[in-house]
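Pasting the sequence and the predicted model now:
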Amino acid sequence: MFKKLISLLFFGAFALGLFAQQSPISTIHSIEPVKNHYKTLQNLSSLPNEAFAINDTLAFPPSMYNSYALAMSQSIPYYLTQSQFDFLKKSVAFPANSSEQTRAEIDFLYDLQKKRTPKQVERVMQLAKIGYWPVTDVLPSHPNYEKNLTHLFFECQEVIGDHCTATNYPHTAKLLKGIMTDMRKMEFSVKYHLLRARPYELDKRLKPLQVMGSPSFASGHTLWAYIQAYTFSELMPNKRTDFLAIAYELGLSREIMAVHYPSDEETARQLAHSMLALMWQTEKFQNDFQKAQAEWK
């Protein structure tokens, strides 16, 4: 897994360097180094361990497959090409279920579970409900249409204020919608390509705050949290630290809920940056980004 992540980061850096020679717009910020427990856990072996080989036979159960999620994995991308999707999808892998890393990650989740407070639970369940869904944005008459658009600007509202709305920033809304269309396709393409079992399916000590209807790897909440944080931080570079802090909280919330391994979160963070690096190369993205950028000057 570690080698694949290094490959993914190298590709993103190469793509940025290539585009910098052709674009009037500066390249995006480099990704920040891995930190905290993600760094510690990543240093453990991700290889299979014969002593726990039975765990490597476990995968996300077919009875839980989500038809909508599977359909999203086959949708038409907005900014990225299908070949770019295929490259990124195949560039990531999770630690073996039997590995030292996975067992340490489960122990970490169990420790978080034991320390949950009512205030934490309230916050993480609030965050669990946040998420923009492209299909809900088709008809204004959809009962969740307005809430969906509000969720699209959740991070911006958390950092900047309630005036961050699709109505006030229509070009930013268009940019985010395109990004989120590609993000949802990537999320479910990776999930159903690898079918990682949820952590509570490997260890019954874990009591999730919500039973999930899709595979574990990589974290969808964290993928959208970081790809939006990276996007907003290009529109408002002086707020990058604040946007990344919200994305970090969203990722950690999935661990507090015991629905994701730390490696689900860290891979999603790096995948989000690589996705944006590839989008950055396209004329379609650049046109939309420049219009959005003008709204923030």
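Yep, that arrived. Residues are numbered from 1 along each chain as shown.

going forward, measure contacts between C-alpha atoms and count neighbours the same way
Noted.

quick one: the strand or helix carrying residue 228 to chain centroid distance?
Using DSSP states H and E, the element containing residue 228 is helix 220-235. Its chain's average C-alpha position is 8 Å from that of helix 220-235, according to Cα atoms, centre = their mean, to the nearest Å.

Distance check, residue 62 against residue 190.
Taking Cα to Cα, to the nearest Å as the measure, residue 62 falls 16 Å from residue 190.

neighbour count winner among the two?
Counted by other Cα atoms under 10 Å, residue 62 and residue 190 do not tie: residue 190 has more neighbours, with 26 against 10.

pretty sure the more buried one is in contact with residue 86, am I right?
No. Counting by Cα atoms under 8 Å, residue 190 stays clear of residue 86, with 9.4 Å between them.

what about the residue nearest to residue 149 when sequence neighbours are not counted, how many neighbours?
Leaving aside its sequence neighbours, residue 149 sits nearest to residue 166 (Cα to Cα, 6 or more residues apart in numbering; 6.6 Å). For residue 166, the count of nearby residues is 17 (other Cα under 10 Å).

Check residue 284 too.
For residue 284, the neighbour count with other Cα under 10 Å is 14.

Just the element for it, please.
With DSSP H and E as criterion, residue 284 is part of helix 283-294.

which residues does the residue nearest the centre of the chain contact?
Nearest to the geometric centre of the chain sits residue 223, at 0.8 Å (Cα atoms, centre = their mean). Contacts for residue 223 (Cα atoms under 8 Å, 6 or more residues apart in numbering) come out as 183, 187, 265, 268-269, 271-272.

one more time with 7 Å
268-269, 272 (Cα atoms under 7 Å, 6 or more residues apart in numbering).

can you count the residues close to residue 105?
By other Cα under 10 Å, the residues close to residue 105 number 23.

Verify the contact between it and residue 260 for me.
No. Residue 105 is beyond contact range of residue 260, at 9.5 Å (criterion: Cα atoms under 7 Å).

Of the contacts of residue 223, which is the nearest to residue 140?
Closest approach to residue 140 among these (Cα to Cα): residue 272, at 28.7 Å.

So the closest one sits against residue 227, correct?
Yes. Counting by Cα under 7 Å, residue 227 is a contact partner of residue 272 at 4.8 Å.

so where do the helices sit in this protein?
Using DSSP state H, the helices assigned to the chain run over residues 2-20, 36-42, 67-73, 82-90, 100-114, 118-128, 145-152, 154-159, 170-194, 199-202, 220-235, 240-256, 262-279, 283-294.

what comes up buried for the third one?
So that's helix 67-73. Buried positions in helix 67-73, judged by neighbour count with 16 or more other Cα atoms under 10 Å: 69-70, 72-73.

biggest separation within the residues you listed, which pair?
Distances among the buried residues of helix 67-73 were taken as Cα to Cα; the most separated pair is 69 and 73, at 6.4 Å.

Now for the two: what residues contact both?
Each of residue 188 lies in contact with both residue 69 and residue 73 under the rule Cα under 7 Å, 6+ apart.

What's the local residue count around residue 76?
Residue 76 has 13 nearby residues by other Cα under 10 Å.

Show me what the mean pLDDT comes to for stretch 234-248.
Per-residue pLDDT over stretch 234-248 has a mean of 97.

and it, how far apart are its ends?
With Cα to Cα as the measure, what separates the two termini of stretch 234-248 is 17 Å.

Would you mind extracting the C-alpha trace of stretch 138-153 into PDB?
Extracted in PDB, the C-alpha atoms of stretch 138-153 (Å, rounded to 0.1, in the frame of the first residue of the first chain):
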ATOM      1  CA  VAL A 138     -31.400  17.400 -11.200                       C
ATOM      2  CA  LEU A 139     -34.800  18.900 -10.400                       C
ATOM      3  CA  PRO A 140     -35.500  21.900  -8.200                       C
ATOM      4  CA  SER A 141     -38.700  20.200  -7.100                       C
ATOM      5  CA  HIS A 142     -36.700  17.400  -5.400                       C
ATOM      6  CA  PRO A 143     -37.600  17.600  -1.600                       C
ATOM      7  CA  ASN A 144     -33.900  17.700  -0.700                       C
ATOM      8  CA  TYR A 145     -32.800  20.100  -3.500                       C
ATOM      9  CA  GLU A 146     -32.100  23.100  -1.200                       C
ATOM     10  CA  LYS A 147     -30.500  21.100   1.500                       C
ATOM     11  CA  ASN A 148     -28.200  19.400  -1.000                       C
ATOM     12  CA  LEU A 149     -27.000  22.800  -2.200                       C
ATOM     13  CA  THR A 150     -26.400  24.000   1.300                       C
ATOM     14  CA  HIS A 151     -24.300  20.900   2.000                       C
ATOM     15  CA  LEU A 152     -22.300  21.700  -1.200                       C
ATOM     16  CA  PHE A 153     -21.100  24.800   0.700                       C
END
